[in-house]
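A.B. asks: Provided below are the primary sequence and the corresponding predicted coordinates.
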Amino acid sequence: MKYLAPLNYDRFFRKVFSDNTIAKQFLEDFLEAKIEEIEQLGDKHRITDDAAIVEFDYRCKINGKYIIIDMQQWYKPDVIRRFYLYHSLKDKYVISDPLVSKGKVKQKNYSLVEPVYTLIWMVDDNLNFSGDYAEFSLNHQDLINFVRDEHLWLNPDIYEIAKRRKEIVQLTDNQFKDVNFLAENKLVFMFQKNIASNLESNRSNKKYKRWFDFATKTKDDNNNVNDFTEFTNDKVFSEVIKRLRRDKLTDDDIKYIESEEEHIKLTQDFYLKQKLQLEQEKQEGIDIGVGIGVDKGIGIGVKKEKAKNKAEKNKMIKNMESKGLSVEAISDLTGLSLEEIKNIKADD
């Protein structure tokens, strides 16, 4: 039996990070900043009447300024737009601000709105980035234009580049009427998959890496006490281990793990099926193009594309068989007929 429950499962993620001491240590490690105060926010807000509830987690004081840190962990197909919307909702203080009288008109005091850091802990996806995390904020468009100006960067006159850079710095340093507040809000995607795979090659001693290494170890179905030796002398991680120990879980926790594992498997199969369907639709489009007459050169390319698609399907079929799925189950999940699966395997 595994030693620790998976930190990446929602129930245990909440169980761990609902503790302010644990959350504070993780946030300090990731943000590389000292948190002077931390308060967990319990209010919940709905995006729409039928949307999932979003909970804004922590209000922190860093360098004398307050920010809201919303830490989430999950993955949906619409992850970018979903979290941009969550991020834009701000915090409960926007909703509960006192009204300020201005003549006969009463207005909300938006000067009390605090910057929001939305941290999304991505487990198995990296959004096609290779780094440990990707950070986004709202900056002046001229900054983007400056970076993308190929003509400027090919200019041999370094002083012209330096001059333009100075202008951009002045724009981004503008604090008139708190316009710099826009850039203080950040949306950060943290990639456990990348951090875990880069641990050996990346000698960086960034403290946040240990959290993702720990989480990855808890995902292993065969994790044991020896896997976590390096964490046992740390007071905070000792508490995390205590909260995740499998032998301390309730029967309901065990059922939850089994249910979550089944859900993950079904989700993976669903997205695999979608991918195969897209490939089939692409192939049908190619076949139609061939049918209405394409030249010989493109015909050769089509044959190569077919061979590539067949190899990919064969690889997926093998992968699903290795997970114990029957040919009938593979057919149901992929939409491929039993005959197609048989032919693909025969050509291997």
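C.D. replies: Noted; the coordinates are in hand.

A.B. asks: Need the nearest residue in space to the residue positioned nearest the centre of the chain, chain neighbours excluded.
C.D. replies: Nearest residue to the geometric centre of the chain (CA atoms, centre = their mean): residue 122, 3.0 Å. Spatial nearest neighbour of residue 122, excluding adjacent residues (CB to CB, 6 or more residues apart in numbering): residue 191 at 5.1 Å. To be clear about C-beta, it is placed using only N, CA and C from the backbone, and glycine gets the same treatment.

A.B. asks: neighbours of that neighbour, just the number please.
C.D. replies: 24 (other CB atoms under 10 Å).

A.B. asks: again, but for residue 328
C.D. replies: When neighbours are defined as other CB under 10 Å, residue 328 has 10 of them.

A.B. asks: which residues does residue 25 contact?
C.D. replies: residue 236 (CB atoms under 8 Å, 6 or more residues apart in numbering).

A.B. asks: what about it, which helix or strand?
C.D. replies: In the assignment (DSSP states H and E), residue 25 maps to helix 20-31.

A.B. asks: which is the next helix or strand following that helix?
C.D. replies: Note on helix 20-31: by DSSP H and E, the next helix or strand toward the C-terminus is strand 35-40.

A.B. asks: in that next one, what counts as buried?
C.D. replies: For strand 35-40, burial by neighbour count (16 or more other CB atoms under 10 Å) applies to 35, 38.

A.B. asks: Please write out the alpha-carbon positions of it in PDB.
C.D. replies: Presented in PDB, the C-alpha positions along strand 35-40 are these (Å, rounded to 0.1, in the frame of the first residue of the first chain):
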ATOM      1  CA  ILE A  35       4.900  37.300   3.900                       C
ATOM      2  CA  GLU A  36       4.200  39.600   6.900                       C
ATOM      3  CA  GLU A  37       0.600  38.600   7.300                       C
ATOM      4  CA  ILE A  38      -1.700  35.900   5.800                       C
ATOM      5  CA  GLU A  39      -5.400  35.600   6.100                       C
ATOM      6  CA  GLN A  40      -7.500  32.900   4.500                       C
END
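
A.B. asks: what helices or strands is it leaning on?
C.D. replies: If you count contacts as 3 or more CB pairs under 8 Å, 6 or more residues apart in numbering; DSSP states H and E, strand 35-40 packs onto helix 20-31, strand 58-62.

A.B. asks: Buried ones in stretch 16-33, by neighbour count?
C.D. replies: Within stretch 16-33, the residues scored as buried using 16+ other CB under 10 Å are 16, 17, 22, 23, 24, 25, 26, 27, 28, 29, 30, 31.

A.B. asks: For the last one, which non-adjacent residue is closest in space?
C.D. replies: Nearest-residue entry for residue 31: residue 62, 7.3 Å, with adjacent residues in sequence omitted and distances by CB to CB, 6+ apart.

A.B. asks: what's the answer for the fourth one, then?
C.D. replies: Nearest in space to residue 23, with sequence neighbours left out and distances taken as CB to CB, 6+ apart, is residue 17 at 4.9 Å.

A.B. asks: quick one: pLDDT of that neighbour?
C.D. replies: At residue 17, the pLDDT value in this model is 91.

A.B. asks: Quick check: it touching residue 11?
C.D. replies: No: taking contacts as CB atoms under 8 Å, residue 17 lies outside contact range of residue 11: 11.6 Å.

A.B. asks: Now do the same for the nearest residue to residue 114 once chain neighbours are set aside: its pLDDT.
C.D. replies: Closest residue to residue 114 apart from its sequence neighbours, by CB to CB, 6+ apart: residue 66 at 4.9 Å. With respect to pLDDT, residue 66 scores 85.

A.B. asks: Report how many residues lie close to residue 66.
C.D. replies: By other CB under 10 Å, the residues close to residue 66 number 16.

A.B. asks: Let me see the contact set for residue 259.
C.D. replies: Contacts of residue 259 were listed using CB under 8 Å, 6+ apart, and none were found.

A.B. asks: For it, pull up the helix or strand it's in.
C.D. replies: Using DSSP H and E, the element containing residue 259 is helix 251-291.

A.B. asks: same deal with residue 188?
C.D. replies: Using DSSP H and E, residue 188 sits within strand 186-191.

A.B. asks: looking at this, residue 336 is in a strand?
C.D. replies: No: under DSSP: H, G, I helix; E, B strand; the rest coil, residue 336 sits outside any strand and is assigned coil.

A.B. asks: Use 48 as the first number for this chain going forward.
C.D. replies: Noted, 48 is the first residue going forward, which turns the last one into residue 383.

A.B. asks: was I right about it contacting residue 377?
C.D. replies: Yes: using CB under 8 Å, residue 383 is in contact with residue 377, at 7.3 Å.

A.B. asks: what about the strands in this structure?
C.D. replies: Ranges of strands in the chain, per DSSP state E, are 82-87, 91-93, 100-102, 105-109, 112-119, 146-149, 152-155, 163-169, 180-184, 233-238.

A.B. asks: Let me know how buried residue 196 is, in neighbour terms.
C.D. replies: Counted with other CB under 10 Å, residues neighbouring residue 196 total 14.

A.B. asks: Can you tell me how far it is from residue 202?
C.D. replies: Counting by CB to CB, to the nearest Å, the separation of residue 196 from residue 202 is 9 Å.

A.B. asks: What of residue 272?
C.D. replies: Distance, residue 272 to residue 202, using CB to CB: 60 Å.

A.B. asks: same check, this time on residue 115
C.D. replies: Applying CB to CB, the value for residue 115 to residue 202 is 42 Å.

A.B. asks: more crowded one of these two?
C.D. replies: residue 115 (24 against 13).
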